[in-house]
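1. Provided below for reference: sequence and predicted model.
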Amino acid sequence: MAHIDAGKTTVTERILFYTGKLYKMGEVHDGEATMDWMPQEQERGITITSAVTTCTWANHEIHIIDTPGHVDFTMEVERSLRVLDGALVVFCAVGGVEPQSETVWHQADKHGVPKIAFINKIDRIGADFFGTVHTMGKRFNSIPLLIQIPYGQGEYFQGVVDLIKRKLITWDDSTLGVSYTLSDIPADIVSSAEGYREKLIESLAELDDTLAEKYLEGRELSVNEIMKAIRLATISLKAVPVMCGAALKNRGIQPVLDAVVSFLPSPEDIPPVRGVNPHTMQEEVRMSSEKEPLAALAFKVMQDEGRKLTYLRVYSGLIKAGDDIYNVSIRKREKIARLLKMHANKRERIDKCGAGDIVAVVGLKETTTGNSICDESHPILLEPIDFYEPVITQAIEAKTPADQEKLAVALVKLAEEDPTIRVKYEEETAQTVVSGMGELHLEILIDRLRREFNAHVNVGKPRVVYRETIQKRVEVEGRFDKELGEKRHFGHVRLVLEPRARGTGVEIVKQIEKTEIPDELYEAIGEGVQEAMLSGIISGYPVVDVTVFIAGWSLKEGESTPVGYKIAASSAVKEGLSRADPVILEPIMMVDIITPGEFMGEVIGDINARRGEIHAVVPKGAVSEIKAKVPLRAMFGYSTDLRSITQGRATFSMQFHAYDKT
């Protein structure tokens with residue numbers, strides 16, 4: 001995981017090549033990277049959906065998920081971290097600790113996922129390995145452990161110094177980096193390398209008592225002892241080993257694979273998964289063993305050539321193709337038709353899988369992201385996946401009736417695949433509105449509608465739905481006395497309209513005795529009032545926050561009818577609205593912004609420019625939380641603007657607060 005363009009997909013491509021999974025490396029900039037298989041990814045040169053693959057290194061099976069770096073697709077990182085046991089965080093040596101690097105790091109901390117850091121692009125002009133490490137130390141809780149330093153930077157980058165084994169590693173470009181050489185550290189950097197090695201051992205001694213004793217006695221520590229101490233510090237989340245290289249130049253990848261095997265946990269090294277038994281409501285645990293009852297989590301759903309693939313992380317037990325399993329989240333049995341080991345969008349059929357595996361399953365019709373799969377006789381509900389609330393909306397409509405049918409099916413499938421996509425039909429504006437995490441997110445969604453489902457749509461901004469109300473008290477009379485058809489209809493009513501507090505709606509109050517007015521006529525007056533309130537007299541928006549008092553009425557024997565009173569009440573309300581100083585109300589949103597302290601002035605200034613009202617500023621360590629009320633129409637495009645004024649480091653959420661005057 002990493003910030004966009006730090007080199008995650010390039011690193012993954014090299015890993016697959018050196019582990020023998022690929023015979024030829026594809027490049028992101030050529031649109032040929034294995035893990036970027038979607039057409040949208042190949043065209044834009046970015047990762048959009050997390051791709052799963054498996055490879056083998058040093059007799060260990062490694063499951064890899066290559067995640068997107070763009071903030072709009074941060075949900076893909078969230079759900080991957082929820083099911084993985086370790087993370088390789090890639091940093092760009094030129095860009096350093098970038099905004100999304102911070103976001104993914106904090107996401108990993110939230111899920112308690114141990115990390116290894118790989119500082120990539122050491123060969124680029126402007127690369128600053130030690131500057132990046134210094135920033136990591138300042139911004140993150142974990143201690144960065146330098147287990148490597150670069151030999152030269154920028155165009156002078158030649159290799160990597162392994163501080164644990166005291167060796168220089170150089171790669172052979174003629175073999176695409178497959179063969180590499182271990183040699184003694186060059187004389188010009190021996191003293192600097194020894195200084196960094198000493199700092200590494202000091203940091204470990206502070207975290208490990210047994211190591212500290214030996215260190216203080218002045219005894220030499222063996223390579224195995226140092227490796228063991230680094231592994232313990234990494235798994236306990238106290239420290240993060242830091243490595244370096246240049247993935248595009250094929251340098252530095254094999255040591256990263258060694259570090260994954262040496263320092264990141266296997267499923268048996270992490271605490272057993274916890275869940276709740278839905279029958280007893282007691283907490284239960286499942287050890288990572290095939291002998292335990294089945295416990296798995298569905299973390300991703302994908303449509304592949306019309307078939308639904310469900311990705312599972314198996315925590316305990318065994319699953320065989322053809323098995324019946326129990327989805328405890330929806331209390332339904334499902335059948336596993338086929339089990340697949342995925343390699344990006346290629347698949348390999350397998351007969352069974354067990355604890356620790358990540359597989360795709362065909363046949364689970366009703367299972368969705370975050371559902372727990374288990375053995376029905378030993379049910380366990382695992383902690384579900386947290387979804388982010390969408391922050392941006394757009395209206396779409398089908399171009400033709402044929403597209404309309406395809407659109408309905410496509411939106412259901414895409415929303416099932418990506419839980420951050422919300423689809424809603426707005427009755428008042430007769431628009432289908434889709435919500436997502438950002439403008440790029442929605443742009444990709446519309447592109448997928450066209451390409452994968454052949455559903456062509458027109459795209460526009462959703463209309464903001466306003467309301468109307470009144471600002472002063474008025475008394476009005478309504479009279480209706482006409483012949484309709486062959487019957488005369490009479491109605492006469494006296495009403496008082498009064499403004500109410502914001503958000504309290506419409507209330508009808510009768511001031512006359514109920515015995516004086518027959519029920520059917522009273523109901524007709526109420527219907528007339530409600531109907532008139534549906535469209536105000538300024539722009540035809542619904543009227544809210546008004547009390548209507550029924551103050552009086554008169555009766556004509558034989559001619560008074562419900563129709564007459566309904567029309568009389570409706571015309572009285574219309575007249576009252578026009579005389580009571582009507583005003584338009586607009587939706588006001590409660591906006592919650594989390595921003596690093598240095599950008600607070602710009603963020604507050606921008607909110608004020610949007611006619612917003614700041615309610616609270618709460619400092620929370622290095623960041624501050626700003627709560628404000630802002631009109632909805634001023635919030636279009638806000639996610640993009642907020643990113644640009646905070647270098648992408650601020651996040652926000654918003655929800656409807658009330659209708660109020662502009």
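-> Received the coordinates, thanks.
2. what about the strands in the stretch 551-662 of the chain?
-> 583-596, 613-620, 623-631, 651-661 (DSSP state E, counting those that start in this stretch).
3. The second one to strand 583-596, inter-axis angle?
-> Orientation note: strand 613-620 sits at an angle of 20 degrees relative to strand 583-596 (axes from the mean of the first three to the mean of the last three CA atoms, to 10 degrees).
4. Over to the last one?
-> Relative orientation of strand 651-661 versus strand 583-596 (the same axes, to 10 degrees): 160 degrees.
5. Which strands border strand 651-661, and is each parallel or antiparallel?
-> strand 583-596 (antiparallel) (DSSP bridges).
6. residue ranges for the strands of the stretch 251-400 of the chain, please.
-> With strands called from DSSP E, counting those that start in this stretch, the stretch 251-400 of the chain shows them at 273-276, 283-286, 295-304, 307-316, 318-320, 324-327, 332-335, 338-343, 346-350, 352-354, 358-362, 372-374, 381-382, 392-398.
7. For the residue nearest to Y326 when sequence neighbours are not counted, give me phi and psi.
-> Nearest non-adjacent residue to Y326, counting by CB to CB, 6 or more residues apart in numbering: E376, 3.8 Å away. Yep, even glycine has a C-beta here, placed from its N, CA and C like the rest. Main-chain dihedrals, E376, degrees, to the nearest 10: phi -60, psi -30.
8. Restricting to C-alpha, output whichever strand or helix holds E102 in CSV.
-> Taking DSSP states H and E as the definition, E102 sits inside helix 99-110. Presented in CSV, the C-alpha positions along helix 99-110 are these (Å, rounded to 0.1, in the frame of the first residue of the first chain):
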residue,chain,number,x,y,z
PRO,A,99,-0.7,12.4,2.1
GLN,A,100,-2.1,9.1,1.2
SER,A,101,1.0,7.3,2.7
GLU,A,102,-0.2,8.8,6.1
THR,A,103,-3.8,7.7,5.5
VAL,A,104,-2.8,4.0,4.7
TRP,A,105,-0.4,3.9,7.6
HIS,A,106,-3.1,5.0,10.1
GLN,A,107,-5.5,2.5,8.5
ALA,A,108,-2.9,-0.2,9.1
ASP,A,109,-2.5,1.0,12.7
LYS,A,110,-6.3,0.9,13.2
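9. Output the contacting helices and strands for the next helix or strand after that helix.
-> Proceeding N to C from helix 99-110, the next assigned helix or strand is strand 115-120, under DSSP H and E. Judged by 3 or more CB pairs under 8 Å, 6 or more residues apart in numbering; DSSP states H and E, the packing partners of strand 115-120 are helix 8-18, strand 87-92, helix 129-139, strand 239-244, helix 253-263.
10. ok, back up a step: quick one: which of the strands of the stretch 551-662 of the chain is nearest F480?
-> strand 583-596 (28.3 Å; CB to CB).
11. Tell me how far that closest one lies from the chain's centre.
-> Centre-to-centre, strand 583-596 and its host chain are 21 Å apart (CA atoms, centre = their mean, to the nearest Å).
12. what angle separates it from helix 129-139?
-> Using the same axes, to 10 degrees, strand 583-596 lies at 120 degrees relative to helix 129-139.
13. The residue nearest to Y326: neighbour count?
-> 14 (other CB atoms under 10 Å).
14. The one 4 residues further on too?
-> Counted with other CB under 10 Å, residues neighbouring I380 total 25.
15. Spatially nearest residue to it (excluding sequence neighbours)?
-> G275 (3.9 Å).
16. Quick check: that neighbour touching Q282?
-> No - counting by CB atoms under 8 Å, G275 does not reach Q282; the two are 10.2 Å apart.
17. Of those two, which one has the most company?
-> G275 (21 against 7).
18. what's in contact with stretch 338-356?
-> 21, 34-35, 37, 51-54, 63, 266-268, 288-290, 292, 304, 309, 311, 314-321, 359-363 (CB atoms under 8 Å, 6 or more residues apart in numbering).
19. circling back to that earlier point, tell me who's in contact with the residue nearest to I380.
-> Contacts of G275 (CB under 8 Å, 6+ apart): E283, E284, V285, R286, A295, S372, I380, L381, L382, E383.
20. 6 Å - rerun?
-> Neighbouring residues of G275 by CB atoms under 6 Å, 6 or more residues apart in numbering: E284, I380, L381, L382.
21. for those, which one is nearest D184?
-> Distance to D184, by CB to CB, is smallest for L382 among those, at 50.7 Å.
22. give the contact list for that closest one.
-> Contacts of L382 by CB under 6 Å, 6+ apart are G275, L297, S372.
23. same thing with A658?
-> Applying CB under 6 Å, 6+ apart, the residues near A658 are R502, G503, I588.
24. Top of these by number of neighbours, please.
-> I588 (22 neighbours).
25. Bridging across strands, which residues link to V359?
-> Bridge pairing for V359 - DSSP bridges - gives L312.
26. Quick check: it vs I336, distance?
-> As judged by CB to CB, to the nearest Å, V359 and I336 stand 10 Å apart.
27. Over to A395?
-> Separation of A395 from I336 (CB to CB) stands at 40 Å.
28. which one of those two has more residues nearby?
-> I336 (21 against 18).
29. For that one, report the pLDDT, please.
-> Predicted confidence (pLDDT) at I336: the value is 92.
30. before we move on, what about the one 3 residues further on?
-> pLDDT recorded at L339 is 92.
31. Any idea what it is bridged to?
-> I350, V361.
32. tally of neighbours for it?
-> Using other CB under 10 Å: L339 sits among 24 other residues.
33. cool, and L211?
-> 20.
34. how close does the nearest residue to V133 once chain neighbours are set aside get to V97?
-> The spatial neighbour of V133 that comes closest, neighbours along the chain excluded (CB to CB, 6+ apart), is P144 at 5.2 Å. Applying CB to CB, the value for P144 to V97 is 11 Å.
35. Overlap in contacts, the two.
-> Common neighbours of P144 and V97 (CB under 6 Å, 6+ apart) are M136.
36. Looking at those two now, which is surrounded by more residues?
-> Taking other CB under 10 Å, P144 and V97 do not tie; V97 has more neighbours (22 against 19).
37. Hmm, V133 and the more buried one touching each other?
-> No - between V97 and V133 there is no contact under CB atoms under 6 Å: 9.5 Å.
38. is it true that C244 touches I147?
-> No - between C244 and I147 there is no contact under CB under 6 Å: 9.7 Å.
39. So for those two, which sits in the more crowded spot?
-> More neighbours surround C244 than the other of C244 and I147, with 30 against 26 (other CB under 10 Å).
40. Now do the contacts for the more buried one.
-> Taking CB under 6 Å, 6+ apart, one finds I119, I122, F129, Q148, P150 in contact with C244.
41. if we can go back for a sec, could the contacts of A658 be laid out in TSV, adding distance to P68 and pLDDT?
-> Listed next are the contacts of A658 as TSV, based on distance: CB to CB, whole Å; pLDDT from 0 to 100:
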residue	distance to P68	pLDDT
R502	41	86
G503	39	82
I588	33	87
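42. with those in mind, which one is nearest to V423?
-> Distances from V423 to the contacts of A658, taken by CB to CB, are shortest for I588, at 24.4 Å.
43. May I have the beta-bridge partners of that closest one?
-> P631, A658.
44. Distance of it relative to V361?
-> 45 Å.
45. ok, now F118?
-> 32 Å.
46. what's the answer for R579, then?
-> Taking CB to CB as the measure, R579 falls 66 Å from V361.
47. do the same with V113
-> Distance, V113 to V361, using CB to CB: 24 Å.
48. More neighbours: those two, which one.
-> V361 (26 against 22).
49. dump the residue contacts of the more buried one.
-> T310, L312, I336.
50. and if we set it to 7 Å?
-> Residues in contact with V361 (CB atoms under 7 Å, 6 or more residues apart in numbering) are T310, L312, I336, L339.
51. Then T662?
-> Residues near T662 by CB under 7 Å, 6+ apart: I584, E586, P631.
52. my read is I230 is in a helix, agree?
-> Yes - applying DSSP: H, G, I helix; E, B strand; the rest coil, one finds I230 inside a helix.
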